[in-house]
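1. Based on what follows, work out the 3D shape:
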Amino acid sequence: MIEIDGSYGEGGGQILRSSLTLSALTGQPLHIHHIRANRRQPGLRTQHLAALDAMTELSQAEVDGAKIHSQEVIFRPRQNRTGRYRFDIHTAGALSLVLQTIFLPLSFTEGRSQITLTGGTHVQWSPVFHYLSEQWLPIIQQLGYRLELELVQAGFYPRGGGEVHVKILPAQALRPFTCLDRGELLGIRGLSGVANLADEIAKRQKHQALRRLYAICKESKIKTIRLPSPVKGTFVLLKALFSKCGSACYTALGAPGKPAERVADEAVDPLLSFLKTEATVDHFLADQLLLPLAMVEGTSQFRTNAVTQHLRTNAHIIQTFLDVPIKIEGDIDQPGEVKIEGLDKTRWMDLQ
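-> Predicted coordinates:
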């Protein structure tokens, strides 16, 4: 049984989610303790329990400790199976994090899976749906993973109520990811979206972002959109495109009393900071690529604008389960380079 200290390093919910994914992939039972022990509200919250319940169902696992506030879980996976699933978060908990927990085990099973996820689609401290669709998904597909995402309706804090449909097919012809020179900045593309709010808010967000971006990139274009949703909400997404490889994507969310211009600034500021570095992927994507790349045979290598504690913690969890070399160069919160040697076919067959 793999033993994981949930308070290690960054100490957040990602330790639980990555551990569950790896346990289901390898078939190794898991004992995780001190889950989110240093958080203001330690233990399992609603979205963490949703990820655990989802993994329990799709891997036909035996589990102990699956309850709110639990700081200890024992998880014994059996066999991952495809099928039609529905996983509900009855709050604004981030459904994107549940998706990223389950997609790898389902990518290495035979047949198609169709999943309905409900909960928060555009909430703080997690990748919003449009970050997944515009930034994460294209590179995941480039690696050879096969999944499709559809936003049925958006869910914002505090009520949630969003819904996303997902199709996952078996991964095919997986390819490593090497991106050390991004080349020139070709353009910046963006979205400014509102749900159940005046179009003027989306336009103000757009115009504020463009006013600041034109100075560095005349090829900046932002589209305004309206989102179907049971609640009110607003967001901005900005993505930088480069001539050789890589991309950077940053988002910001509105809130009651927050001016539209401030929402735009919260997306523009980190993008401008990124462009001052030689990074090829943003620090959010760097963390989210680590586990998928561990399953891809060959050497993957890229540069990120900031080495985060989240990234180093995720690498530690992966190497607890898998014999894959991961080298992260750079100080915390400074630009760095990541190199990972994914599982070769022989080691992968041994796990199966």
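2. any low-confidence regions in this structure?
-> Scanning the chain for pLDDT under 70 picks out 345-352.
3. domains for it, by residue range?
-> With domains defined by automatic domain parsing, the chain comprises 1-79, 82-173, 183-273, 278-352.
4. Please name the residues that touch Ile340.
-> By Cβ atoms under 8 Å, 6 or more residues apart in numbering, the residues touching Ile340 are Leu290, Leu293, Ala294, Thr299, Ser300, Gln301, Val324, Pro325, Ile326, Lys327. To be clear about C-beta, it is placed using only N, CA and C from the backbone, and glycine gets the same treatment.
5. and if we set it to 6 Å?
-> Leu293, Ser300, Ile326 (Cβ atoms under 6 Å, 6 or more residues apart in numbering).
6. next one: Thr56
-> Applying Cβ under 6 Å, 6+ apart, the residues near Thr56 are Val63.
7. And Leu44, by the same measure?
-> If a contact means Cβ under 6 Å, 6+ apart, then Leu44 has Ile68, Ser70 as its contacts.
8. next one: Trp136
-> Contacts for Trp136 were tallied using Cβ under 6 Å, 6+ apart; they are Gln288.
9. sec struct for it, please.
-> Following DSSP: H, G, I helix; E, B strand; the rest coil, Trp136 is assigned to helix.
10. Likewise for Ser96?
-> Taken by three-state DSSP, the conformation at Ser96 corresponds to helix.
11. how close does the nearest residue to it once chain neighbours are set aside get to Ser133?
-> Nearest residue to Ser96, sequence neighbours excluded (Cβ to Cβ, 6 or more residues apart in numbering): Pro127, at 4.8 Å. Distance, Pro127 to Ser133, using Cβ to Cβ, to the nearest Å: 10 Å.
12. These two: which has the busier surroundings?
-> The neighbour count for Pro127 versus Ser133, taken as other Cβ atoms under 10 Å, is higher for Pro127 (23 against 18).
13. ok, and the most crowded of the contacts of Ile340?
-> That'd be Leu293 among the contacts of Ile340, by other Cβ under 10 Å, with 26 neighbours.
14. and that residue, what element?
-> For Leu293, the host element (DSSP states H and E) is helix 283-294.
15. quick one: contacts of that helix?
-> Residues outside helix 283-294 that contact it (Cβ under 6 Å, 6+ apart): 136, 300, 304-306, 308, 310-311, 314, 318, 322, 324, 340, 342.
16. Dump it to PDB, restricted to CA.
-> What follows is helix 283-294, C-alpha atoms only, in PDB (Å, rounded to 0.1, in the frame of the first residue of the first chain):
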ATOM      1  CA  HIS A 283       2.700  27.900 -14.500                       C
ATOM      2  CA  PHE A 284      -0.800  26.500 -14.300                       C
ATOM      3  CA  LEU A 285      -0.400  24.300 -17.400                       C
ATOM      4  CA  ALA A 286       3.100  23.200 -16.200                       C
ATOM      5  CA  ASP A 287       1.500  21.600 -13.200                       C
ATOM      6  CA  GLN A 288      -1.400  20.100 -15.100                       C
ATOM      7  CA  LEU A 289       0.900  18.500 -17.800                       C
ATOM      8  CA  LEU A 290       3.100  16.700 -15.300                       C
ATOM      9  CA  LEU A 291       0.900  13.600 -14.700                       C
ATOM     10  CA  PRO A 292      -0.200  13.100 -18.300                       C
ATOM     11  CA  LEU A 293       3.400  13.400 -19.500                       C
ATOM     12  CA  ALA A 294       4.500  10.800 -16.900                       C
END
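17. just how off-centre is that helix within its chain?
-> Relative to the mean C-alpha coordinate of its chain, helix 283-294 is positioned 8 Å out (Cα atoms, centre = their mean, to the nearest Å).
18. quick thing: my sequence starts at 439, can you match it?
-> Understood, numbering begins at 439; the last thing we discussed is helix 721-732.
19. And it, what's buried?
-> His721, Phe722, Leu723, Ala724, Asp725, Gln726, Leu727, Leu728, Leu729, Pro730, Leu731, Ala732 (16 or more other Cβ atoms under 10 Å).
20. Please identify which of the residues you listed is nearest to Thr672.
-> Relative to Thr672, the closest of the buried residues of helix 721-732 is Phe722; by Cβ to Cβ it sits at 20.0 Å.
21. Next up, phi/psi of the residue nearest to Ser534, please.
-> Reported as degrees, to the nearest 10, the phi and psi values for Pro565 are phi -70, psi 120.
22. I'd like to know how far it sits from His472.
-> According to Cβ to Cβ, Pro565 and His472 sit 25 Å apart.
23. could you pull out the strands for the stretch 439-588 of the chain?
-> If DSSP state E, counting those that start in this stretch is used as the criterion, the strands of the stretch 439-588 of the chain fall at 440-443, 468-471, 500-502, 510-514, 522-526, 551-557, 584-591.
24. Give the partner strands of whatever helix or strand comes next after the longest one in its sheet and their orientations.
-> Following strand 584-591 in sequence order, the next helix or strand is strand 600-607 (DSSP H and E). Partner strands for strand 600-607, per DSSP bridges, with pairing direction: strand 551-557 (antiparallel), strand 584-591 (antiparallel).
25. Fine, thanks again, bye for now.
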